[in-house]
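[1] Sharing a sequence plus its predicted fold:
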Amino acid sequence: MCVRFANAREVKRSRQDYDGNAMKSAVVGLEAEHAARPADLARHDEAALLDMLETLEGQHGYVPRDVSDEVARLVDVKLERLRRIQRKLDTTVRRDVQQHIARWRNEEGNLIMILHAIQNQHGYVPREVAMELSRELGVKLARIYEVITFYHYFKLQPPGAHTLTVCNGTACYLKGSADLLNEVRSQLGVAEGQTTPDRQFHLDVVRCIGCCGMAPAMVVDGKPCGHVKPGDIAGHIAAIRTKKEAVT
Ligand code: FES
């Protein structure tokens with residue numbers, strides 16, 4: 001968007017054919033909404049504001065000074081709010097990491113134990129936490145990522161709300177786990193270790209869940225299921241979706 005700032009004469013002219021107060025109220029209204037629900041304001045409100053400004057510019061060839069001043073003020077307020085949130089997050093991340101380090105400080109192989117604690121807390125290892133860990137431990141970030149990526153257990157992305165884990169151990173493999181895995185991949189549209197774009201389903205593959213007598217087996221949200229056939233997969237996914245809809 002190209003915003004041209006109006007000079008005093010243009011502002012005066014604009015006020016004759018345009019109700020600047022209405023625009024100002026709209027901007028103030030958006031700010032009030034931000035305050036009420038800062039979390040998900042973003043795209044919708046910003047797009048609405050940009051639309052209004054573009055319409056205004058299209059109609060008059062410029063954006064009046066009082067409106068541009070109001071937008072600048074709104075941006076300042078929003079930036080300050082985001083800075084406060086960032087400071088709070090930084091403090092929280094540092095405190096959590098220090099607690100994990102204190103717990104495992106004198107243990108051998110403590111990096112892995114700390115990463116386990118972080119993943120248990122967040123469900124994955126967020127980048128900002130890994131960076132804080134690197135600073136606090138004095139270990140290179142590259143070394144931390146070496147460990148995270150070496151062990152299949154650690155995740156770098158938030159997990160999905162639901163996890164389908166297909167067993168690909170020997171007993172399950174011999175009983176057709178490859179077909180099961182293909183079916184889950186195809187139903188969810190993701191590969192193992194990935195989460196669907198809506199973050200609802202995560203697909204994992206493991207080697208033996210200790211239910212070899214029920215091969216081929218899988219685990220759906222922590223519940224082991226045995227003698228699973230590819231044709232059962234759609235039903236498992238539908239059951240999760242139905243349960244979720246019933247709750248919401
Ligand atoms: S190999 Fe699948 S449960 Fe043991």
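    Yes, it's here. Being a predicted model, the structure only gives us computed values, none of them experimental.

[2] Centroid-nearest residue for the protein?
    Residue closest to the mean C-alpha point of the chain, counted by Cα atoms, centre = their mean, is P158 at 6.6 Å.

[3] Helix, strand, or coil at it?
    Of the three states, P158 takes coil under DSSP: H, G, I helix; E, B strand; the rest coil.

[4] where's it relative to V228, distance?
    Taking Cβ to Cβ, to the nearest Å as the measure, P158 and V228 are separated by 26 Å. Quick note: C-beta positions are derived from backbone N, CA and C, even for glycine.

[5] The ligand contacts on this structure?
    Residues of the chain lying near the ligand by Cβ under 6 Å from any ligand atom: C167, G169, T170, A171, C172, C208, I209, C211, C212, A215, A217.

[6] And for Y124, nearest residue in space, chain neighbours not counted?
    Take Y124 and drop its neighbours on the chain: the residue closest to it by Cβ to Cβ, 6 or more residues apart in numbering is K155, 3.9 Å away.

[7] how many neighbours does the one you found have?
    Using other Cβ atoms under 10 Å, K155 is surrounded by 17 other residues.

[8] Could you list which residues are in contact with it?
    Going by Cβ atoms under 8 Å, 6 or more residues apart in numbering, K155 touches Q119, G123, Y124, V125, G193.

[9] got the domain boundaries for the protein?
    Split into domains by automatic domain parsing, the chain comes to 8-84, 105-150, 162-247.

[10] Reformat those as a markdown table; add mean pLDDT and mean neighbour count.
    Converted to a markdown table, those look like this (pLDDT from 0 to 100; neighbours: other Cβ atoms under 10 Å):
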| stretch | mean pLDDT | mean neighbour count |
| --- | --- | --- |
| domain 8-84 | 67 | 14 |
| domain 105-150 | 91 | 15 |
| domain 162-247 | 91 | 16 |
